[in-house]
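In: here is my input; please provide its structure:
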Amino acid sequence: YKTLDELAKYLNDPHVSACVQSRKSGILKQEFTILDNEAAPEIVEFVKMAIEKIDVQGISSQMLNFPFFGFQPMEIYYTEFNGRWIINDIKAKPPYWFKFDENEALKFVGASLSDKIAPKYKITTLRNNPTYTNPYGEALLHKIHFCMQFKRMGLNYYAQYIENYGMPYTHVTVTDINDIDAAAEVAESIKSNAVAVSTDGVTCNLIESSGGNAASYESFIKFHNDEISKAILGQTLTTEAGTSGSYALGNVQNQVRKDIIDGDKKTLEAAWNEIIYNLVNINFGNVERCPIVQFKEEIYVDKTRAER
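Out: As a prediction, this is how the structure comes out:
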C-alpha cells in the first residue's frame, strides 16, 4: 500500500482539494457534543475534561481522510494527570505502515514491529466500506486515478496550444539564403527573450495567430473535474457553477452530498466513541455505560418563508 503515498499527491490538485474540503467541512462545521448516555456522573465529568484538553477539530479533520485512502489509522498518545490516564494527542499515521491479516486484525508493517497486531487502545482505525475480500476499504483516490492522469495530459496539451496559438509567432525574411541560420537564431531569441539583433539582410515580423479552438481542451478538463466531483461528493453543482442547472437539481445533488457526509459522520462518531470507551476502561475498568459523541447539525430556518 505504498502506492497510497503517491496517490496522496492528488490532494494538491486545486479541484480535488476543494472537493475534499467540501466533504470534510460538511461535518466539521457541526457542533461536537458529548452525551451522558446514562453513564455515571463521575465518568461523564472525566471524559468531558479529558476531551477538552485536545484539538477535537484538527483530529477529526485527520480522521476524515479515511474515505480518500480507504482506511485511516489513528494513534492515541496518553499522559498521566491527577492519578488517571488522559489523552495527550491523537495523530493520523500513514496507512501504508499497516496491513490487515486474514482475520481483519490490523498489523504493523516494518522491520521492528512487523506482523505485530496494533493494540486497540493505542490504534483506532476508520474504514470506508470495507469487505471480507477488501478489508482496506474503498480508496477514493484510487477511483480518480485515471481522471487525474488524463486531466494532467489535457493540461499539458492545453499549455502547448496556448503557446502555439495564444501569442504572436515570429516570421523572419532573409534576402540571402546564407542568412537562414542567423535568421533562425533571431527567431529563437525573440521567442525566448523578446529581444533580437539582426543583420541588414534579415527582417523580423510578429504575426498574430488566428487559428485553433480552446473549447475542446476546456471541455476535456471540465469533464474530468466533473468525474472527480462525482467520485468524492456524488455530484457536481456544489463545486462547479457551470452555465446551467436548475435550483431544484441543485437541491437534489446537494442532498446526495449530504447523504454521503452523514455516512462519514457515523464512521467518525463511532471512532470517537471507541476512543472514549477505551479511555474509560483504562481508568474505571469495565463499565455498563459510557458517554458517547455526537456531531449536531445546526438546523437553518428561513424565517421569511416560514412566516409567509
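In: can I get stretch 64-78 in PDB, CA atoms only?
Out: This file holds the C-alpha atoms of stretch 64-78, laid out as PDB (Å, rounded to 0.1, in the frame of the first residue of the first chain):
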ATOM      1  CA  LEU A  64     -11.800  12.200   7.800                       C
ATOM      2  CA  ASN A  65      -9.000  11.200   5.500                       C
ATOM      3  CA  PHE A  66     -10.400   7.700   5.600                       C
ATOM      4  CA  PRO A  67     -12.600   7.800   2.500                       C
ATOM      5  CA  PHE A  68      -9.700   9.000   0.400                       C
ATOM      6  CA  PHE A  69      -7.200   6.400   1.400                       C
ATOM      7  CA  GLY A  70      -9.700   3.600   2.200                       C
ATOM      8  CA  PHE A  71      -8.700   3.500   5.800                       C
ATOM      9  CA  GLN A  72      -7.000   5.800   8.300                       C
ATOM     10  CA  PRO A  73      -5.200   4.600  11.400                       C
ATOM     11  CA  MET A  74      -5.100   7.000  14.300                       C
ATOM     12  CA  GLU A  75      -2.600   6.600  17.100                       C
ATOM     13  CA  ILE A  76      -3.600   7.700  20.600                       C
ATOM     14  CA  TYR A  77      -1.000   9.200  22.900                       C
ATOM     15  CA  TYR A  78      -1.700   9.000  26.700                       C
END
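In: in it, what's buried?
Out: 64-74, 76, 78 (16 or more other CB atoms under 10 Å). Quick note: C-beta positions are derived from backbone N, CA and C, even for glycine.
In: what are the contacting residues of the helix or strand containing residue 152?
Out: Assigned by DSSP states H and E, residue 152 belongs to helix 145-165. Identification of contacts with helix 145-165 by CB atoms under 8 Å, 6 or more residues apart in numbering yields 7, 10, 13, 16, 209, 211-212, 214, 217-218, 220-221, 224-225, 227-228, 231.
In: now do the buried residues in it.
Out: Per 16+ other CB under 10 Å, helix 145-165 contains these buried residues: 147-148, 151, 154, 158.
In: equivalent analysis for stretch 12-27, please.
Out: Applying 16+ other CB under 10 Å to stretch 12-27 flags 13, 15-16, 18-20, 22-24, 26-27 as buried.
In: helices - which of those land there?
Out: 15-16, 18-20, 22-24, 26-27 (DSSP state H).
In: nearest to residue 276 among these?
Out: residue 27 (17.7 Å; CB to CB).
In: in which helix or strand would I find the closest residue to the closest one other than its chain neighbours?
Out: Sequence neighbours aside, residue 265 is the residue nearest to residue 27 in space, at 5.1 Å (criterion: CB to CB, 6 or more residues apart in numbering). Under the criterion of DSSP H and E, residue 265 resides in helix 247-284.
In: for that helix, packing partners?
Out: If you count contacts as 3 or more CB pairs under 8 Å, 6 or more residues apart in numbering; DSSP states H and E, helix 247-284 packs onto helix 14-28, helix 41-52, helix 56-63, strand 71-81, strand 84-92, strand 123-127, helix 215-233, strand 292-296.
In: most tightly packed of these?
Out: strand 123-127 (a mean of 21; mean count of other CB atoms under 10 Å).
In: right, and the helix or strand after that one?
Out: Next in sequence after strand 123-127, counting helices and strands by DSSP H and E, comes helix 140-143.
In: what comes up buried for that following helix?
Out: Neighbour counts using 16+ other CB under 10 Å place 140-142 of helix 140-143 among the buried residues.
In: for the nearest residue to residue 50 once chain neighbours are set aside, what are its contacts?
Out: Leaving aside its sequence neighbours, residue 50 sits nearest to residue 86 (CB to CB, 6+ apart; 4.3 Å). By CB under 8 Å, 6+ apart, the residues touching residue 86 are 49-50, 53, 78-80, 279.
In: circling back: right, and the residue nearest to residue 27 touches residue 29 too?
Out: No - if you go by CB atoms under 8 Å, residue 265 and residue 29 don't touch, sitting 11.3 Å apart.
In: these two: who's more crowded?
Out: Neighbour totals were compared for residue 265 and residue 29, and residue 265 leads with 18 against 10 (other CB atoms under 10 Å).
In: distance of that one from residue 258?
Out: 10 Å (CB to CB, to the nearest Å).
In: overlap of the contact sets of the two?
Out: When contacts are counted by CB under 8 Å, 6+ apart, residue 265 and residue 258 have no shared neighbour.
In: which residues does residue 67 contact?
Out: Neighbouring residues of residue 67 by CB under 8 Å, 6+ apart: 23, 128, 138, 140, 232, 264.
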